[in-house]
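Colleague: Pasted the sequence and its predicted model underneath.
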Amino acid sequence: MTPSRPFAPVSRRLALARLGAVGAALGIGGRLRPAAAQDGSPEATARHPLVGTWVIDNDTTTDTGAPPVAVFTSDGTFTDAAAGFSGVWEPTGPNTAAMNFLGIIDNQNGFSGYIALSGPIEVDATGDAWEQTYRVMTVAADGTVLETSPPSQARAKRLRVIAESALGTALAEVPAWAPAPPATPAP
């Protein structure tokens, strides 16, 4: 159930699919400037509630596609190894952060360029969930911005250590999803 929009945005899920398909080499994007500054010291970043491993529902309008598992480290980096994303984040408040990440695409189906995703994250009072409004930008290798999506919503749950005795029960952190149909090759 996807709401009607004037054009189809490049969602995080689509961006992940594009990058996963090419096994792209990734780099770090430009830093976002926070609206409300916080102590950016390594100690403040290490204490931030965003540090940890998260299971992300990156498109709250649908239940298709597998959820990524991402790691936000205490040094301000972000990694989603399965999808091939990496990037940076920085605290903007006691439970908020600015983040962006980048995927380079080199000659995938005739396209070379990059996809950049950015947006603020707010960790809830429990410290075990966050929400985000983000946007995606697609840029050609020559620097031409091809598309900037309207805002999309994501949410995540912190992955906790699972007791061996709990195996046999589905993890509450991982949402159920309907696998996307296989891609059909172009004629």
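Modeller: Cool, got the structure.

Colleague: Around A178, how many other residues sit close by?
Modeller: 9 (other CB atoms under 10 Å). Heads up, the C-betas are built off the backbone N, CA and C, glycines and all.

Colleague: now do N109
Modeller: 9.

Colleague: Got the confidence number for it?
Modeller: The model reports N109 with a pLDDT of 86.

Colleague: Tell me how far it lies from L117.
Modeller: 20 Å (CB to CB, to the nearest Å).

Colleague: In the protein, where is pLDDT below threshold?
Modeller: Scanning the chain for pLDDT under 70 picks out 1-42, 44, 185-187.

Colleague: Strands of that one, start to end?
Modeller: 52-57, 69-72, 77-80, 85-91, 96-108, 111-123, 129-140, 145-148, 152-158 (DSSP state E).

Colleague: Tell me which of those strands sits nearest to G168.
Modeller: strand 52-57 (18.8 Å; CB to CB).

Colleague: partners of that closest one in the sheet?
Modeller: Paired strands of strand 52-57, with direction, are strand 69-72 (antiparallel), strand 152-158 (antiparallel) (DSSP bridges).

Colleague: With M137 as the reference, name the closest of those strands.
Modeller: Closest among the strands paired with strand 52-57, once you apply CB to CB, is strand 152-158, at 12.3 Å.

Colleague: Redo the strands paired with strand 52-57 as CSV? Include mean neighbour count and distance to A98.
Modeller: Converted to CSV, the strands paired with strand 52-57 look like this (neighbours: other CB atoms under 10 Å; distance: least, CB to CB, whole Å):
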stretch, mean neighbour count, distance to A98
strand 69-72, 21, 12
strand 152-158, 20, 14
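
Colleague: would you turn the ones you listed into JSON lines with distance to Q132?
Modeller: Shown next, in JSON lines, are these (distance: least, CB to CB, whole Å):
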{"stretch": "strand 69-72", "distance to Q132": "11"}
{"stretch": "strand 152-158", "distance to Q132": "5"}
